[in-house]
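Colleague: With the input below, show me the fold.
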Amino acid sequence: MAGKGGARPGAGRPKGSIGHLAREFQELYKKAAKERGFNLAETLVDISANKSNPELQVKALAILAQYAYPKLKAQEMQITEPVRVLVIDATQPQEPDVDPLS
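Modeller: Got it, this is the predicted structure:
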């Protein structure tokens, strides 16, 4: 019987599929939400519109944004020419007539 144990190609749950505990939780949540007339998306929209708690408002908007906009990947850039970097100190007042790039 040697050679039968260990990881095998194609064995296990497929990538991206939901495990049985997560699936069971989703089913219970959906059933309870339907019985109580609860809609998570509507609740998050209501919270995001409430301006009395800005921290909670931002958290609700961050959750909703995951479903409204695609997640962006980091981009790698290669710069082949010299680049001029301008650092502006926002703590010091600037004269409006001075062009920092000239």
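
Colleague: Please count neighbours and contacts with C-alpha atoms only from this point.
Modeller: Noted.

Colleague: What are the neighbouring residues in contact with the residue nearest the centre of the chain?
Modeller: Geometric centre of the chain, nearest residue: Q66, 5.0 Å, by Cα atoms, centre = their mean. Shown in contact with Q66 (Cα atoms under 8 Å, 6 or more residues apart in numbering): no residues.

Colleague: What pLDDT is listed against it?
Modeller: Per-residue confidence (pLDDT) for Q66: 86.

Colleague: quick one, phi psi at it?
Modeller: Q66 adopts backbone torsions of phi -60, psi -30, taken as degrees, to the nearest 10.

Colleague: What is the neighbour count of L56?
Modeller: 15 (other Cα atoms under 10 Å).

Colleague: ok, now how distant is it from R13?
Modeller: Counting by Cα to Cα, to the nearest Å, the separation of L56 from R13 is 36 Å.

Colleague: What are the neighbouring residues in contact with the residue nearest to L61 when sequence neighbours are not counted?
Modeller: Distance criterion Cα to Cα, 6 or more residues apart in numbering; nearest residue to L61, sequence neighbours excluded, is S48 at 5.7 Å. S48 sits next to 56-61 when contact means Cα under 8 Å, 6+ apart.
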